[in-house]
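J.: Prediction below, plus the sequence it came from.
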Amino acid sequence: MRSSPHHITAPPDPPPAEPAGTEAAAAPEWAALRRARQEGPLLSLAAAEDGVFRLYLPLARALAADFVGGAAAAPVEVEWAAELALAKAVLGWPGDDGRGFQAYARATIIDRLRRQAPSPGHQRATAAARWTSTMLPTGGVQMGR
């Protein structure tokens, strides 16, 4: 079958919507943080920082999972290290908006994870139990009941 010079093609697909965490999607959170830094009380500043943190939390968790080999869930101490690095990135970000923040946060998180020793695979399920045992004054043994 020959194609004619007047072949009709379908219009191109529209560009996909921007996923959460991109600069455009994050603009309202960054605007709230900018306002809170300039004029707001400490409570609104903390809430705005938390909003930005939560927006980029999936990035931190994905980087933590990638760090341990793409597991569905990273060991708790690796995930916490990634979240701590994200918090430091949010608190230390000097910009008024989020332009460039994702790259900055990614670099901050990766740097922190490289200093974090990953748990061996067989210890992933017990990472939380190990942490709990160090936090209980009885060496992990709950008293009573």
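T.: It's in.

J.: give the contact list for Gly51.
T.: 29, 32-33 (CB atoms under 8 Å, 6 or more residues apart in numbering). Just so you know, the C-beta spots here come from the backbone N, C-alpha and C atoms, and that holds for glycine as well.

J.: Out of the residues you listed, the closest to Val68 would be?
T.: When these are ranked by distance to Val68 (CB to CB), Glu29 comes first, at 28.3 Å.

J.: what's around the closest one, how many residues?
T.: Neighbours of Glu29 under the rule other CB atoms under 10 Å: 20.

J.: now Leu43
T.: Residues lying near Leu43 (other CB under 10 Å) number 9.

J.: How about the helix or strand hosting it, which residues are buried there?
T.: In the assignment (DSSP states H and E), Leu43 maps to helix 42-67. For helix 42-67, burial by neighbour count (16 or more other CB atoms under 10 Å) applies to 45, 48-49, 51-53, 55-56, 59-65, 67.

J.: Nearest spatial neighbour of Ala26, chain-adjacent residues omitted?
T.: Among residues not flanking Ala26 along the chain, Gly98 sits closest, at 4.6 Å (CB to CB, 6 or more residues apart in numbering).

J.: Show me which helix or strand of the chain is least confident by mean pLDDT.
T.: helix 127-135 (a mean of 46; mean pLDDT, DSSP states H and E).

J.: Quick check: which ranges of the protein have low pLDDT?
T.: 1-22, 71-73, 117-145 (pLDDT under 70).

J.: make it 90
T.: Low-confidence segments of the chain (pLDDT under 90): 1-45, 65, 67-77, 95-97, 115-145.

J.: And the strands in it, which stretches?
T.: In the chain, no strands are defined using DSSP state E.

J.: would you list every one of the helices in it?
T.: Here the chain has its helices, by DSSP state H, at 23-39, 42-67, 76-92, 101-114, 127-135.

J.: Now do Leu33 against Ala47, distance only.
T.: According to CB to CB, to the nearest Å, Leu33 and Ala47 sit 9 Å apart.

J.: now swap in Leu63 and tell me
T.: 25 Å.

J.: could you list every residue that touches Glu49?
T.: 33, 36, 90-91.

J.: Fine, thanks again, bye for now.
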